[in-house]
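A.B. asks: need coordinates for the following:
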Amino acid sequence: MITRRNFLGTTAIIGAAGTALLGGQESQPVANSAAGGAPESTVANSAAGGARGSTVGTYLATRLEQAGVRDYFVVPGDFNLILLDQILENPRLRMIGCCNELNAGYAADGYARSNGVAAMVVTYSVGGLSALNAVTCAYSEDLPVIVVVGGINSDSEWQDKIIHHALGEVRYDYQREIYAHVTAGAFSVRHAADAPAVIDGAIDLALRRRKPVMLEIACNLASMPVPPPRPRRFDAAPASDSAALADAVDHAAELLNKASRPVLVAGSKLRPPASREAFLKLADAAGYAVASVPAAKGMFPETHPAYAGIYWGPVSWPGVASVVESADAYLFAGALLSDYATTGYTAMIDPKKLLLALPGEVRLPGATYAGVQLADFLGALAGKVRRNDASLVEFARGRMKDEPPAVAPGDTLTIAEVSRQIHDALGKDTALLVETGDSWFHGLRMRLPEGCRFEIQFQAGSIGWSVPATLGYELGFTTPTRVIAMIGDGSFQVTAQEVSTMIRHGTRPIIILVNNRGYIIEDAIHQGPYNKIKNWDYAGLMEVWTNGEGKGLGLHAKTVGELTAALARATTHDGPCMIEVAIDPQDCSPDMREWGTRVAEANGKPPRS
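C.D. replies: Model (predicted):
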């Protein structure tokens, strides 16, 4: 038996039967995005599939459908082939074959962002462990990804047989043990009779906790008969402790109402729609200036009159750090104050003025209130705060409008001009993904138009995420959405081949490939020859991947006019388009250099004596 505690204090016990027992933490509802995310409370109805002749695999497929999954990401392997056959029996689920398990995991990450929940199916050990980094990243980003692993034959363990794809020893639990540390729970189906309860428990946990789960199903059980799915309610979020909620709201309102210049700061744990709506309600009621940490960009409308911009310590939007840090009270709602988010812990946040509301807990100066749901707290607080626009007036007084430099069509491209043209291409039916690197800093500087979505993998910061995530993100929408991804060449080389899957399935992203010959963000932190990479003809790869089947388009741009023409062509192209822009390696965001210096200093602090 394995016992672990996650960073929020929740204990998961993974027993030999594969069940997971949890306690002590708030459960947030699954996202129900405007793009058609899974419902915040889903009632499973057996009419959705398999009333007769249900098997373990078809039962799983029905439950995934009922949870809100429409597409699932797959890499086949001999331990999951029968399971895949069974899932394919459900005509309402679409299989998306990926090039490798890491990419499948990142694609599921992107899908969970737009759809609210995602699923992937891989094989035992070599598949499950290949996906591990993507699943770890999804955990850090609060994304419910259901990782289904085709496991070894259920008889193999008690027969003490050596199995391929494994360690070459008679040890088979290591995959579940590893996953127990990076998921809300690791589950195993070793007896067909247990499958319905285990499957339901795993899906329910993923939706309630908004975290990945791992579900291992023995390969010889996938086609075994089980009773058809019964009606079941998934994801009924627990109510707040009423007394704790009332006390937290009264205490927070007292602190905010006596402050002369309070501010609000949005954090990434506002992703659930109920939390975002409650935060917007609070902002409307309070009248304070509102900022966002980088990971929460796009979770508060940037066209809102109270929106000041990104708070990121020394590399905040102009005027934002001054307004936030000079406030005599600041409420950070759902914010994770990591080293990256605070620019190497240099952000001037005074604990005596900090009100921090997190999923399941509100921390105020002198008191902590457990058992308080984030949406409940923010919504109730909106009815208690007195309107005070002093911080917003102060920000407006010092606001400066950026004027882009004049350029001519024949001018050599700069990264600032690339960003300007990307910004001009954004609209209410578009979404922007930015990859770890200089793309972060340029994307975070853009003010989003109404309805435009934005995604960043900020907490994990795993290079290569955005290529497969772009695939999954677009597939997760139920309304036409043009996804624009800004990706550096170094990150692109990690997961490049998933562009071929975009071509295969007819998605229509516009990928802006910034070719600056290396890992520029690493150079900003610490220079070295290891940050240089082999140059590719990135746009030329689109022809290779299309290979006469599909509509991949690759374009090059070295001048202002060439990029303008390429974007115009890309927006009318009915397929994936990559625009490779050539940028001088020394041409990068000053914010990134400042941030990199601060992070390097934090990384390099000597050990305590």
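
A.B. asks: wait, is Tyr538 part of a strand?
C.D. replies: No: using DSSP: H, G, I helix; E, B strand; the rest coil, the assignment for Tyr538 is coil, not a strand.

A.B. asks: neighbours of it, just the number please.
C.D. replies: Other residues near Tyr538 number 23, with proximity taken as other CB atoms under 10 Å. Any C-beta I mention is one placed from the backbone N, CA and C, and that applies to glycine too.

A.B. asks: now do Ile162
C.D. replies: 10.

A.B. asks: check contacts around it.
C.D. replies: Residues near Ile162 by CB atoms under 8 Å, 6 or more residues apart in numbering: Gly168, Glu169, Val170.

A.B. asks: which stretch of helix or strand covers the last one?
C.D. replies: Using DSSP states H and E, no element contains Val170; it sits outside every helix and strand.

A.B. asks: so what pLDDT did it get?
C.D. replies: We have a pLDDT of 76 for Val170.

A.B. asks: and the pLDDT at the residue nearest to Ala259 when sequence neighbours are not counted?
C.D. replies: Using CB to CB, 6 or more residues apart in numbering and skipping the chain neighbours, the partner closest in space to Ala259 is Ala329 (3.7 Å). We note a pLDDT of 97 for Ala329 in this prediction.

A.B. asks: who wins for neighbours among the contacts of Ile162?
C.D. replies: That'd be Val170 among these, by other CB under 10 Å, with 13 neighbours.

A.B. asks: quick check, that residue in contact with Asp160.
C.D. replies: Yes: the pair Val170 / Asp160 is scored as a contact, 4.9 Å apart, by CB atoms under 8 Å.

A.B. asks: quick one: Ser419 and Met486, what's the gap?
C.D. replies: Going from Ser419 to Met486 by CB to CB, to the nearest Å gives 8 Å.

A.B. asks: any residues in contact with both of the two?
C.D. replies: His442, Gly443.

A.B. asks: out of these two, which sits in the more crowded spot?
C.D. replies: Met486 (26 against 22).

A.B. asks: state the pLDDT value of the residue lying closest to that one once chain neighbours are set aside.
C.D. replies: Leaving aside its chain neighbours, Met486 sits nearest to Ser439 (4.1 Å; criterion: CB to CB, 6+ apart). Ser439 carries a pLDDT value of 93.

A.B. asks: I'd guessed Ser439 sits against Ile487; true?
C.D. replies: Yes: counting by CB under 8 Å, Ile487 is a contact partner of Ser439 at 6.4 Å.

A.B. asks: shared neighbours, the two?
C.D. replies: Val514.

A.B. asks: how far is the strand or helix carrying Leu432 from where the chain is centred?
C.D. replies: Under the criterion of DSSP H and E, Leu432 resides in strand 430-434. Averaging C-alpha positions (CA atoms, centre = their mean, to the nearest Å) puts strand 430-434 13 Å from its chain's average.

A.B. asks: which residues touch that strand?
C.D. replies: Contacts of strand 430-434 (CB under 8 Å, 6+ apart): 110, 114, 422, 426, 440, 442-444, 446, 448, 452-456, 466, 469-470, 473, 481-486.

A.B. asks: now stretch 362-380
C.D. replies: Contacts of stretch 362-380 (CB under 8 Å, 6+ apart): 26, 28, 237-241, 244-249, 251-252, 255, 269-270, 272, 274-275, 277-279, 281-282, 333-334, 351-361.

A.B. asks: pull that stretch out as PDB, backbone CA atoms only.
C.D. replies: In PDB, the C-alpha atoms belonging to stretch 362-380 read as follows (Å, rounded to 0.1, in the frame of the first residue of the first chain):
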ATOM      1  CA  VAL A 362      -8.500  31.200   2.500                       C
ATOM      2  CA  ARG A 363      -5.400  32.600   4.100                       C
ATOM      3  CA  LEU A 364      -5.700  36.000   5.700                       C
ATOM      4  CA  PRO A 365      -3.300  37.900   7.900                       C
ATOM      5  CA  GLY A 366      -3.600  36.200  11.300                       C
ATOM      6  CA  ALA A 367      -6.100  33.500  10.300                       C
ATOM      7  CA  THR A 368      -6.600  30.600   7.800                       C
ATOM      8  CA  TYR A 369     -10.000  29.200   6.900                       C
ATOM      9  CA  ALA A 370     -10.200  25.600   5.700                       C
ATOM     10  CA  GLY A 371     -13.100  24.000   3.800                       C
ATOM     11  CA  VAL A 372     -14.000  27.100   1.800                       C
ATOM     12  CA  GLN A 373     -14.700  26.800  -1.900                       C
ATOM     13  CA  LEU A 374     -13.000  29.500  -4.000                       C
ATOM     14  CA  ALA A 375     -16.200  30.300  -6.000                       C
ATOM     15  CA  ASP A 376     -18.300  30.500  -2.900                       C
ATOM     16  CA  PHE A 377     -15.900  32.800  -1.100                       C
ATOM     17  CA  LEU A 378     -15.500  35.200  -4.000                       C
ATOM     18  CA  GLY A 379     -19.200  35.300  -4.700                       C
ATOM     19  CA  ALA A 380     -20.100  35.900  -1.100                       C
END
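
A.B. asks: quick one: buried residues of it?
C.D. replies: Residues of stretch 362-380 classed as buried by neighbour count (16 or more other CB atoms under 10 Å): 362-364, 369, 371-380.

A.B. asks: now tabulate the residues you listed in a markdown table and tack on distance to Ser292 and pLDDT.
C.D. replies: Converted to a markdown table, the buried residues of stretch 362-380 look like this (distance: CB to CB, whole Å; pLDDT from 0 to 100):
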| residue | distance to Ser292 | pLDDT |
| --- | --- | --- |
| Val362 | 19 | 98 |
| Arg363 | 19 | 98 |
| Leu364 | 21 | 98 |
| Tyr369 | 24 | 98 |
| Gly371 | 27 | 96 |
| Val372 | 22 | 98 |
| Gln373 | 21 | 96 |
| Leu374 | 16 | 97 |
| Ala375 | 17 | 97 |
| Asp376 | 21 | 98 |
| Phe377 | 18 | 98 |
| Leu378 | 15 | 98 |
| Gly379 | 19 | 98 |
| Ala380 | 22 | 98 |
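
A.B. asks: that'll do, ta.
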